[in-house]
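*Asks:* Need a 3D model of the following:
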Amino acid sequence: MATETSTQSYSEKWYWDDRYTNESDPFDWYQNYPSLSPLINLYLPHRTHRPLVIGCGNSAFSEGMVDDGYGDVVNIDISSVVIDAMNKKYSDRPQLKYLKMDVRDMKSFQDASFDAVIDKGTLDSILCGSNSRQHSTQMLEEVWRVLKDEGVYILITYGAPNYRLRLFKESSCSWTTKLHVIDKSLTGQPLETPKWELTKPIPLDDEGSSVESAIGKSPDVHYIYVCIKDAALKTETDAA
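*Replies:* Next comes the predicted model:
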């Protein structure tokens, strides 16, 4: 029961305020920027592209993006504690912007404001809480809204395709989805020869059943869903 309570807390603002009050050292969920940079560069090839990093925490990921040449990286988090700390830490780096915001309600951003939304564990955290389906749908619809047409939502998650694809379909958003995988072991010391090529998509059918035949059952990977916004597809669906 203690484990369940602890996991559920991942969706609560008080948990993150408390955690960031007591843990100030940078921490990257799932993967760091160097391990993911080939994929980020593939889908955001121009350094003028404007990304939004949601649930940024005190990760060094966005710093890595700026070091790699991206000039305007916006970060949001529900915790005012961590946002205050990051604004102070990066006060001399105007390319990094930090705002306190709930990803389920990003009304401060206009429609089609960003070329990409990057999510390392935020959707997973919301899915740990109560009313998780409702809240995750709200989040996905807000992500879709703030993306430009053909913008990308890059989700790094432990969620396998049979779960995450179903979630995407439950929202009213229209995505063209590609799947990549990365060895979990790359989070720490990179392997000399990764088992899967990060920039090569894994075959993906509507239910995700094609993935097991490609990479095996229960692989030790993080799944990376690259969801491309297709506004025309949504218009067709609405019209139907």
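*Asks:* I'd like to know how many residues surround residue 70.
*Replies:* 22 (other C-beta atoms under 10 Å). (C-beta placed from N, C-alpha, C; glycine too.)
*Asks:* and it, that's in a strand?
*Replies:* No - secondary structure of residue 70 (DSSP: H, G, I helix; E, B strand; the rest coil): coil, not part of a strand.
*Asks:* ok, longest helix in the chain?
*Replies:* If you go by DSSP state H, the chain has its longest helix at helix 132-146.
*Asks:* how far is that helix from where the chain is centred?
*Replies:* 12 Å (C-alpha atoms, centre = their mean, to the nearest Å).
*Asks:* tell me the mean pLDDT over it?
*Replies:* Averaged across helix 132-146, the pLDDT comes to 94.
*Asks:* So which elements touch it?
*Replies:* Applying 3 or more C-beta pairs under 8 Å, 6 or more residues apart in numbering; DSSP states H and E, one finds that helix 132-146 contacts strand 114-120, helix 122-127, strand 147-157, helix 161-170.
*Asks:* what would these look like in TSV with distance to residue 203 and mean neighbour count?
*Replies:* What follows is the helices and strands packed on helix 132-146, written out as TSV (distance: least, C-beta to C-beta, whole Å; neighbours: other C-beta atoms under 10 Å):
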stretch	distance to residue 203	mean neighbour count
strand 114-120	23	24
helix 122-127	23	23
strand 147-157	18	21
helix 161-170	11	16
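*Asks:* For these, give me a markdown table that also has distance to residue 85.
*Replies:* A markdown table is the format used below for the helices and strands packed on helix 132-146 (distance: least, C-beta to C-beta, whole Å):
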| stretch | distance to residue 85 |
| --- | --- |
| strand 114-120 | 18 |
| helix 122-127 | 18 |
| strand 147-157 | 23 |
| helix 161-170 | 31 |
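*Asks:* Of all those, which one is nearest residue 97?
*Replies:* Residue 97 lies closest, by C-beta to C-beta, to one member of the helices and strands packed on helix 132-146: strand 114-120, at 11.9 Å.
*Asks:* Which strands border the closest one, and is each parallel or antiparallel?
*Replies:* The strands beside strand 114-120 in its sheet (DSSP bridges) come out as strand 51-54 (parallel), strand 147-157 (parallel).
*Asks:* model confidence over that strand, on average?
*Replies:* Mean predicted lDDT for strand 114-120 stands at 98.
*Asks:* Then stretch 50-70?
*Replies:* 97.
*Asks:* returning to that earlier point: I'd like to know which of the strands paired with strand 114-120 is closest to residue 105.
*Replies:* For the strands paired with strand 114-120, proximity to residue 105 was assessed by C-beta to C-beta; strand 51-54 is nearest, at 12.1 Å.
*Asks:* Residues contacting the helix or strand following the closest one, please?
*Replies:* Per DSSP states H and E, the first helix or strand lying C-terminal to strand 51-54 is helix 61-67. With C-beta atoms under 8 Å, 6 or more residues apart in numbering as the test, helix 61-67 has contacts from 28, 32-34, 36-37, 40, 51, 53, 56, 73, 75, 90, 93, 95-96, 118, 120.
*Asks:* Please repeat the previous calculation with a cut-off of 10 Å.
*Replies:* With contact meaning C-beta atoms under 10 Å, 6 or more residues apart in numbering, helix 61-67 is reached by 26, 28-37, 40, 44, 47, 49, 51, 53, 56, 60, 70-75, 86, 89-90, 93-98, 118, 120, 156.
*Asks:* The residues you listed, buried ones only, as a PyMOL selection?
*Replies:* To isolate in PyMOL the members of these that are buried, counting by 16 or more other C-beta atoms under 10 Å, one can use:
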select buried, resi 28+29+30+31+32+33+35+36+37+40+44+49+51+53+56+70+72+73+74+75+86+90+95+96+97+98+118+120+156
